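Engineer: Below: sequence and its predicted model.
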Amino acid sequence: MFAYLVRRLFLMLVTLLGISVVIFVLLRIVPGNIVDILFAAAGYVDPADKANLEKELGIDQPLIVQYWHWISGFVRGDFGYSYVSEKPALQEILPRIPITAKLAGLALLFSASIGIPLGVISAVKQGTRLDYALRVVSLSGLSLPSFWLGLLILTAAVAMFGQIPIFNPNPKTWLEAFATYAVPAAAVGFRSAALTMRITRSSMLEVLRQDYIRTARAKGASDAAVNYRHALKNAILPVITVIGIEAAFLIGGLIVTETVFNIPGVARFLVEAIRWRDYPIVQNLVMFIAVVVVVANFTVDMLYAVFDPRIRYTD
Amino acid sequence: MRSVWALAAMATLSVLTASTTTLAGEPKQGGTLRMYHRDSPANASILEGATYSVNVPFMGVFNNLVIYDQHIAQNSPDTLRPELAESWSWSGDNKKLTFKLRQGVKWHDGKPFTSADVKCSFDLLMGKSQQKLRQNPRKAWYSEVNEITTNGDFEVSFDLKRPQPSLLAMLASGYTPVYPCHVSPADMRTHPIGTGPFKFVEFKANESIKLTRNPDYWKKGLPYLDGIEYTIITNRSTAILAFVAGKFDMTFPTHITIPLLKDIKSQAPNATCVVEPTNVSTNIIVNSTSAPFDNIDIRRAMSLALDRKAFVDILFEGKADIGGTMLPPPQGIWGMPKDKLETIPGYGPNVNANREEAKKLMQKAGYGPDKHLAVKVSTRNIAEYRAPAVILIDQLKSIYIDGELDVVETANWFPKVARKDYMLGLNLTGNSVDDPDQSFYENYSCGSERNYTNYCNKEIEKLFDVQSQETDIAKRKPLVWDIDKKLQEDVARPIIFHARAGTCWQPYVKGVTIMSNSSYNGFRYEDVWLDK
């Protein structure tokens, strides 16, 4: 087990090192840097001023030197300063993480709490009008872009209630806080709810055709007991896998949703930072996400090994 | 007879409305003005900025030596007012401008304002101080200033190489606040200190900007507002919906396009909305250093092919202006009168005749129905740039030119233009002051950093200096018109149109004046108040 742990730990470090190189190189391949963008905004380019600014920010140094400054700082917990705001990068990134985390969590909750029950109903009522209606809802969820849905919700809210559900930075009650996140979470979660619904339906249909379900029915089990105790329990595994994968894809939807609903989260901030070529923010933020994903994978691998001894010996 | 009654009724109504306005016109203290901001400015330093994204939220933090009257929509030499200067005077030879400064003014951190602050602000702008600005986009404004001298704490003089009456116009721009000597340019980017009506509270990038009332403002009783809060909303649709829903008291100035204005008026009929020129021209930059546009005939043909009215009709539902380099009258002070404008090739009303002439020039250059000229029309990846570029390509088809749209990311735009890696460019030029010195020297003088096409005509440059030294406005105007006409005839940077844009505010917001010939100079907001 110890050898397995050491090997996995080594692989994790190599993976993170590789990711850091990829992040660094990709960001430098994108044409233009912060200085180009600042001068583009100013409508003039003075070569001397430009060179001074590049020197001040340290982006005139060889790439290898820049990389070493960054990665050694990252390991030491020194994340540098944002080129744009000139504030510590950590101070800029940290307050935005909980906002996006709440939004993503709520979106996933929305996805599961809507997608799974409706998928089950759709499967159980296969071929009925209700099934067709739910399949239309599911299809529309997969087809509607979240920015369009977001704008539709905003427009409808203003037209019908004279209110706009955009981010409230200082909610006074728990209910206000929930309302701040609920609508955008629904907008971004609608797509994954639709996907969850489809997967649940097909997985349920497959399970419902199994012999043991027929046996359960023959033994006189109620519909509810068959559907939820016997079928859903077995059908849920692929659904959980899909929700897990969807969580990783959520960041794309969150960028758009945070923009439309004006939520100061980390997803929109990352895009803005890329637009400004704010290297310290982009590098550290993407690296931070990579560390979370890699460490989570490492933990899962370890847990697998703990619970299934075959893995630790065969890997 | 019915119309007479109607007129009488209208007259009575207008008298009643006027008196109501007077009764409701007493300014009230208090309240926070909530406005959305269209984007996140790079930082808070106006001296380093080149977009009104920085002027709008931060102009209220500062004062200038002089300023354009914030209640008169048209900036002109007649509307210049003293601010940190109590008065100004020119020497007999018009080469020395002396300001008597206001006493008892304090910076927001309590330190006293003196002539040293004025000297160090302008030394910084002229690149003569130890400290440097990260960017200094308006250094050229002070190219005629020899030096700044102080006489005691409350007198300061600008010694000029030659007379330049327009220096006052430049000093009155929202881009020319006085900075404190005791705060570094770096600190001014993150925590600006001024003498103005509002104190800086915080700037959260991509989130919000907050200002609070300066209780020690040297203008007693001002400002009326307790503070101003800007919420940064980059999505225009969301921002406008939030305004309609009452989350904001005002839209970001001149952020509303003409088609969107209809939506606002239908959803928020009580809102006050105005449409004004922004003094931003949409124009074509021509790379005349290489083929095919090194041929003056092709440049002239392209200029002749423009149907400017079509641009205005399509993009602005007819509500924009056609002119030369300077903003056309009546909003513009220096623009050519219509009859003179129409004598310029391509500006005449008969578009078909212009295009026939253009075709002849193209044929002279070797192109025709069987041999089209293929060009790339480069522009920035922003809607305000892309839309007119598409119309331009369509119009060029009429004279045997096949255009292809080349969309360029902002980060690459100026490097591309600077290395002359383009044929035609669709460009926007904002004039921060409606003044010929600002426009001519910045955009058309040989070697100027913003002269993207490197247009250089020594004869016209001499005329720039002649008009610049003329102190009599009536005599200066015809000189300016002649220069503007020559610039258009030389196809230096063909102007397509001058844009207009809308601003809306809720009915209880009072004291807002949107400038009609500048979108950079009217955001002090010390007289704005909320009637609720």
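Structural biologist: All right, it came through fine.
Engineer: Assign a three-state SS to the closest residue to chain B within chain A, would you?
Structural biologist: Residue nearest to chain B within chain A (Cβ to the nearest Cβ): A:Gly32, separated by 2.8 Å. No exception for glycine: its C-beta is placed from N, CA and C like everyone else's. Recorded secondary structure, A:Gly32: coil (DSSP: H, G, I helix; E, B strand; the rest coil).
Engineer: Quick check: the closest residue to A:Phe167 other than its chain neighbours vs B:Thr231, distance?
Structural biologist: Leaving aside its chain neighbours, A:Phe167 sits nearest to A:Ile263 (4.5 Å; criterion: Cβ to Cβ, 6 or more residues apart in numbering or on different chains). As judged by Cβ to Cβ, to the nearest Å, A:Ile263 and B:Thr231 stand 12 Å apart.
Engineer: Could you report the neighbour count for B:Ala271?
Structural biologist: Number of residues near B:Ala271 (other Cβ atoms under 10 Å in any protein chain shown) recorded here: 18.
Engineer: burial count for A:Gly43?
Structural biologist: Using other Cβ under 10 Å, A:Gly43 has 20 other residues around it.
Engineer: Give me the phi and psi angles of it.
Structural biologist: Here is the backbone geometry of A:Gly43 (degrees, to the nearest 10): phi 80, psi 20.
Engineer: if we can go back for a sec, residues contacting the residue nearest to A:Phe167?
Structural biologist: By Cβ atoms under 8 Å, 6 or more residues apart in numbering or on different chains, the contact list for A:Ile263 reads A:99-100, A:103, A:166-167, A:184, A:257.
Engineer: how about a cut-off of 7 Å?
Structural biologist: For A:Ile263, the contacting residues are A:99, A:103, A:167, A:184, by Cβ atoms under 7 Å, 6 or more residues apart in numbering or on different chains.
Engineer: Can you report phi and psi for the residue nearest to A:Pro264 when sequence neighbours are not counted?
Structural biologist: Nearest residue to A:Pro264, sequence neighbours excluded (Cβ to Cβ, 6+ apart): B:Glu207, at 4.4 Å. Dihedral pair for B:Glu207: phi -130, psi -70, per degrees, to the nearest 10.
Engineer: pretty sure B:Glu207 is touching A:Arg268, no?
Structural biologist: No - at 9.9 Å, B:Glu207 does not count as touching A:Arg268 under the criterion of Cβ atoms under 7 Å.
Engineer: Between those two, tell me which one has more neighbours.
Structural biologist: Neighbour count, other Cβ under 10 Å: between B:Glu207 and A:Arg268, A:Arg268 has more, with 25 against 22.
Engineer: which helices and strands sit right next to the host helix or strand of the more buried one?
Structural biologist: Using DSSP states H and E, A:Arg268 sits in helix A:266-276. Packing partners of helix A:266-276 (3 or more Cβ pairs under 7 Å, 6 or more residues apart in numbering or on different chains; DSSP states H and E): helix A:97-124, helix A:233-260, helix A:279-307.
Engineer: any idea which of those helices is most buried?
Structural biologist: Ranked by mean neighbour count, those are led by helix A:97-124 with a mean of 20 (mean count of other Cβ atoms under 10 Å in any protein chain shown).
Engineer: Which secondary structure elements does the very next helix or strand once past that one sit against?
Structural biologist: Next along the chain after helix A:97-124, taking DSSP H and E as the criterion, comes helix A:129-143. Applying 3+ Cβ pairs under 7 Å, 6+ apart, one finds that helix A:129-143 contacts helix A:97-124, helix A:174-208.
Engineer: Listing request: residues of chain B with sub-threshold pLDDT.
Structural biologist: B:1-24 (pLDDT under 70).
Engineer: And for B:Asn270, the neighbour number?
Structural biologist: 8.
Engineer: Isn't it up against B:Trp505?
Structural biologist: No - counting by Cβ under 7 Å, B:Asn270 stays clear of B:Trp505, with 10.4 Å between them.
Engineer: Which residues are in contact with B:Asn377?
Structural biologist: You called it Asn, but residue B:377 is Val. B:389, B:392-393, B:403-406, B:424, B:426 are the contacts of B:Val377 under Cβ under 7 Å, 6+ apart.
Engineer: Spell out which parts of the stretch 151-300 of chain A neighbour chain B.
Structural biologist: A:151, A:154-155, A:158, A:162-164, A:166, A:259-260, A:262, A:264, A:268-269, A:272, A:277 (Cβ under 7 Å from any Cβ of the partner chain).
Engineer: Those residues, buried ones only, as a PyMOL selection?
Structural biologist: In PyMOL syntax, the buried subset of those is picked out as below (16 or more other Cβ atoms under 10 Å in any protein chain shown):
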select buried, chain A and resi 151+154+155+158+164+166+259+260+262+264+268+269+272+277
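Engineer: Now for the residues of the stretch 151-300 of chain A next to chain B: which two are most distant?
Structural biologist: A:Gly162 and A:Arg277 (40.8 Å; Cβ to Cβ).
Engineer: thinking again about what came up before, now pLDDT too, for the contacts of A:Ile263, in CSV please.
Structural biologist: Shown next, in CSV, are the contacts of A:Ile263 (pLDDT from 0 to 100):
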residue, pLDDT
A:Ile99, 92
A:Leu103, 92
A:Phe167, 85
A:Pro184, 92
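Engineer: what ranges do the helices span in the stretch 401-532 of chain B?
Structural biologist: In the stretch 401-532 of chain B, the helices defined using DSSP state H, counting those that start in this stretch lie at B:410-418, B:436-444, B:458-469, B:473-489.
Engineer: swap in the stretch 101-250 of chain B?
Structural biologist: According to DSSP H, counting those that start in this stretch, the helices that the stretch 101-250 of chain B contains are B:115-125, B:167-171, B:185-190, B:236-244.
Engineer: The helices of the stretch 401-532 of chain B: which one's closest to chain A?
Structural biologist: helix B:410-418 (2.8 Å).
Engineer: what residues does the closest one touch?
Structural biologist: A:31-32, A:36-37, A:39-40, A:45, A:277, B:285, B:378, B:380-381, B:408, B:422, B:425, B:452.
Engineer: how deep is B:Trp90 tucked in, by neighbour count?
Structural biologist: Look at B:Trp90: counted by other Cβ under 10 Å, it has 16 neighbours.
Engineer: do the one 4 residues further on as well
Structural biologist: Burial measure for B:Asn94: 14 neighbouring residues, criterion other Cβ under 10 Å.
Engineer: Nearest residue to it in space, ignoring adjacent ones along the chain?
Structural biologist: Counting by Cβ to Cβ, 6+ apart, B:Asn94 lies nearest to B:Pro163, which is 3.6 Å off, once chain neighbours are set aside.
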